[in-house]
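> Here you go, sequence then predicted model.
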Amino acid sequence: MMKSITANDLKIKGITLLDQLVSSEQGAFITVGGREQYVILSIEAYNYLRECELDAALAESEKDNQAVKSHCGTIEDHLKRLKI
């Protein structure tokens, strides 16, 4: 479970607090006015999530290719399909 910190704590404790959060936790939410507004992640966690996002996009495009939702051809062929 992610810990929550306040923007004021972050302002007062700075990078020391960030180092503690990413080394000991899965990350943290920064709350502003009592509402979660931002997320702090280690670079490793961020890169993992980004890789998952890219894998999902690749899987979706492969699914589209199998469903013949993509076309190969020239610009002229594309324009004909668009009826321009």
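Good, I have the coordinates.

> Counting residues, name the longest helix you see in the chain.
Secondary structure assigned by DSSP state H gives helix 43-66 as the longest helix of the chain.

> by contact count, what packs against the next helix or strand after that helix?
Reading on from helix 43-66 to the C-terminus, the next helix or strand found by DSSP states H and E is helix 75-82. If contacts are counted by 3 or more Cβ pairs under 8 Å, 6 or more residues apart in numbering; DSSP states H and E, helix 75-82 sits against no helix or strand. Any C-beta I mention is one placed from the backbone N, CA and C, and that applies to glycine too.

> chain center to helix 75-82, what's the gap?
Using Cα atoms, centre = their mean, to the nearest Å, the distance from the centre of helix 75-82 to the centre of the chain it belongs to is 34 Å.

> Export that helix to CSV, keeping only CA atoms.
Output of helix 75-82 as CSV, limited to C-alpha atoms (Å, rounded to 0.1, in the frame of the first residue of the first chain):
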residue,chain,number,x,y,z
ILE,A,75,-0.2,7.1,-49.8
GLU,A,76,-2.3,7.1,-52.9
ASP,A,77,-4.0,3.9,-51.8
HIS,A,78,-4.7,5.4,-48.4
LEU,A,79,-6.1,8.6,-50.0
LYS,A,80,-8.4,6.4,-52.2
ARG,A,81,-9.7,4.6,-49.1
LEU,A,82,-10.4,8.0,-47.5
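
> re earlier: next, the residues that contact the longest helix of the chain from outside, please.
Contacts with helix 43-66, where a contact means Cβ atoms under 8 Å, 6 or more residues apart in numbering, come from 22, 26-27, 41, 70.

> now the protein, which segments are flagged as low pLDDT?
Scanning the chain for pLDDT under 70 picks out 1, 24-25, 69-70, 84.

> Would you point out which residue is most central in it?
What sits nearest the mean C-alpha location of the chain, by Cα atoms, centre = their mean, is residue 50, with 5.3 Å.

> List the residues that contact the closest residue to residue 26 other than its chain neighbours.
Nearest residue to residue 26 in three dimensions, chain neighbours excluded: residue 2, at 5.8 Å (Cβ to Cβ, 6 or more residues apart in numbering). Contact analysis of residue 2 by Cβ under 8 Å, 6+ apart lists 25-29, 39.
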